[in-house]
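In: Sharing a sequence plus its predicted fold:
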Amino acid sequence: MIMKNSTIRYLPLIAAILLIVGCFRLPIGYYTFLRIVVCIVAVILLFYPKNKSITYRHIINGLVAILFNPIIPIYLHSKMAWVVIDALVAGWFLFQTIVTLNNTTSKLKEYE
């Protein structure tokens, strides 16, 4: 999984940081912003790289996009449930960032 645009490679890292910050008590406006950012990042990761086959990454990113969508929000009415979900999704995004950066550096070493 190689993303040529360097900005796209760091989007999951940015979303993970925002999700970790979301584990604290913050105004409701932050959580609306968080939903928008996480949904957009999950949708972007759903389409990059452009594979014809569906993998577990596509399925997980699709579920994250549905869970965090700001248009038809899912309310769990439990801060603790959202803290667990935020931590899991942050871990998922960190995993994707690490895999993407490792693949990029290994591909760059092949060209040297």
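Out: Looks like it arrived, so ask away.
In: how far away is Tyr48 from Val83?
Out: Spatial separation of Tyr48 from Val83 under the definition CB to CB, to the nearest Å is 28 Å. No exception for glycine: its C-beta is placed from N, CA and C like everyone else's.
In: neighbour-wise, which of those two wins?
Out: Ranked by neighbour count (other CB atoms under 10 Å), Tyr48 and Val83 place Tyr48 first, with 18 against 14.
In: isn't the more buried one right up against Leu11?
Out: No. The pair Tyr48 and Leu11 fails to qualify as a contact (CB atoms under 8 Å) at a distance of 9.3 Å.
In: Next, count neighbours for Phe68.
Out: Phe68: 25 surrounding residues under other CB under 10 Å.
In: and what of the one 3 residues further on?
Out: Applying other CB under 10 Å, we find 7 residues neighbouring Ile71.
In: and it, helix, strand or coil?
Out: Using DSSP: H, G, I helix; E, B strand; the rest coil, the structure places Ile71 in coil.
In: distance of it from Cys39?
Out: In this view, Ile71 and Cys39 are 9 Å apart by CB to CB.
In: for this protein, longest helix please?
Out: helix 79-111 (DSSP state H).
In: Okay, buried residues for that one please.
Out: If you call a residue buried by 16 or more other CB atoms under 10 Å, then helix 79-111 has these buried ones: Trp82, Ile85, Asp86, Val89, Ala90, Trp92, Phe93, Leu94, Gln96, Thr97, Thr100, Thr104.
In: got it, and stretch 30-42?
Out: For stretch 30-42, burial by neighbour count (16+ other CB under 10 Å) applies to Tyr31, Leu34, Arg35, Val37, Val38, Cys39, Val41, Ala42.
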